[in-house]
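Asks: predicted coordinates and the sequence they were generated for:
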Amino acid sequence: MSQSCSNKRECPCTYPCGRHGKCCECVAYHNRYGELPACFFSKSAEATYDRSLEKLCADRGGKFVK
């Protein structure tokens, strides 16, 4: 199923790519790799390029439990 992705917004991600600012494309891309997009993270956590759920939990002050 193909879906149009025309949304554009200021993107906090520091990695240059073709999905920059296209939220739905970015979320779909990272989801395929079991990751989360940069905009979910704080600026300092985003700079590590670790897009894992574990990193998000730590970034938000929580603890990831498997």
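Replies: The structure has been received and is ready for your questions.
Asks: check contacts around the residue nearest the centre of the chain.
Replies: Geometric centre of the chain, nearest residue: P37, 0.5 Å, by C-alpha atoms, centre = their mean. With C-beta atoms under 8 Å, 6 or more residues apart in numbering as the criterion, the residues that contact P37 are 13, 23, 26-27, 29-30, 51. Just so you know, the C-beta spots here come from the backbone N, C-alpha and C atoms, and that holds for glycine as well.
Asks: a markdown table please, covering these and showing neighbour count, pLDDT and distance to F41.
Replies: A markdown table is the format used below for these (neighbours: other C-beta atoms under 10 Å; pLDDT from 0 to 100; distance: C-beta to C-beta, whole Å):
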| residue | neighbour count | pLDDT | distance to F41 |
| --- | --- | --- | --- |
| C13 | 17 | 80 | 9 |
| C23 | 15 | 83 | 14 |
| C26 | 22 | 87 | 13 |
| V27 | 17 | 88 | 13 |
| Y29 | 15 | 91 | 16 |
| H30 | 16 | 90 | 11 |
| R51 | 19 | 91 | 8 |
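Asks: next one: E10 from Y33, what distance?
Replies: 24 Å (C-beta to C-beta, to the nearest Å).
Asks: sorry, back to before: check the contacts of P37 and tell me the two furthest apart.
Replies: Spatial extent of the contacts of P37 (C-beta to C-beta) is set by the pair C23 and R51 at 14.7 Å.
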